[in-house]
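J.: With the input below, show me the fold.
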Amino acid sequence: MSALEGRVAVVTGAGRGLGAEIARALAGERAMVAIADLDLERARALAGTLEREGGRCAAWKLDVRSEESAETCVAEVRQRYGKLDILVNNAAVDYTLPLGELSVAQWDAVIATNLRGPFLLSKFAGAVMERQGGGHIVNIASTASRRAWPNACAYHASKWGLLGLTHALHAELRPRRIKVSAVIAGGMRTPFLLDRFPDIDPGVLQDPAHVAAAVKFILTQPDETVIPEIMVLPMRETSWP
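T.: Residues are numbered from 1 along each chain as shown. I've put the predicted structure just below:
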């Protein structure tokens, strides 16, 4: 029996890319996966694929920037399955622009998605987890949370903030039997990079399934053990020394 069998997970931004691979990895371990995405049709398509592969999945429309949407998603998942064991905060956006060209609206969109979103989902999911006696929150960070490069100030601010939020919640929620972990991922072969940087060499990036495997590893630790942070890097990509 898998350590994740029967557990209920919400994965945000799960319609494609890393989120889809995380959903696939958890479904493959017999977890019940809520595939939450702003694009409901994309979420439904993935849920259908994973169910045909033997998974137990359902799609939810989720705007992580919205307090109402976040609260509703958590409440509906708990109502449908009776509990919520795992939250993976994966949804993220970026605008690759220098400071002078980055609009206030673009800054706000990055911070709202990459930092406010994980706060909102953690707040509502954490309350459910506390009432049921425990759970696990995994935040998908980035090497952008540890170093900086030009033309990404909003993304860096959001991911440095997310790493700080993760460690703060790790300290705060441990006494309530809620684990909180950060996955610091290097570059992956996902639309998040490939759509914005068409000239990038995919060979220097890693398969997102490998990062999803690290998420699964974190989630399958014994109850007495928590991994607060893990870094997963491609061998050839240099966003981290």
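
J.: Where does the prediction get shaky in the chain?
T.: 1, 240-241 (pLDDT under 70).

J.: is it fair to say R80 lies in a strand?
T.: No: checked against DSSP: H, G, I helix; E, B strand; the rest coil, R80 lies outside a strand; its state is helix.

J.: I'd like to know the beta-bridge partner residues of V183.
T.: I140, I230 (DSSP bridges).

J.: Look at it and say how many residues are nearby.
T.: By other CB atoms under 10 Å, 25 other residues sit near V183. From N, CA and C alone the C-beta is placed, and that goes for glycine too.

J.: thought it was touching I218?
T.: Yes: assessed by CB atoms under 8 Å, V183 is found in contact with I218 at 7.0 Å.

J.: what sits against the residue nearest to G135 when sequence neighbours are not counted?
T.: Nearest in space to G135, with sequence neighbours left out and distances taken as CB to CB, 6 or more residues apart in numbering, is M129 at 3.0 Å. When contacts are counted by CB atoms under 8 Å, 6 or more residues apart in numbering, M129 touches 84-85, 135, 137, 176, 178.

J.: now those residues: which count as buried?
T.: 84-85, 135, 137, 178 (16 or more other CB atoms under 10 Å).

J.: Let me see the backbone angles for the residue sitting nearest the centre point of the chain.
T.: Nearest to the mean C-alpha position of the chain, by CA atoms, centre = their mean, lies N90 at 2.0 Å. N90 adopts backbone torsions of phi -110, psi -30, taken as degrees, to the nearest 10.

J.: Contact partners for it?
T.: So N90 contacts 11-14, 18-19, 22, 140 (CB under 8 Å, 6+ apart).

J.: one more time with 6 Å
T.: 11-13, 19, 140 (CB atoms under 6 Å, 6 or more residues apart in numbering).

J.: What subset of those is buried?
T.: Going by neighbour count (16+ other CB under 10 Å), these have 11-13, 19, 140 buried.

J.: SS state for K179?
T.: Classified using three-state DSSP, K179 is strand.

J.: Quick check: beta-bridge partners of it?
T.: Bridge pairing for K179 - DSSP bridges - gives H136.

J.: That one is in contact with I227, isn't it?
T.: No: in this structure, K179 is not within contact of I227 by CB atoms under 6 Å, at 8.1 Å.

J.: quick one, which of the two is more surrounded?
T.: K179 (23 against 16).
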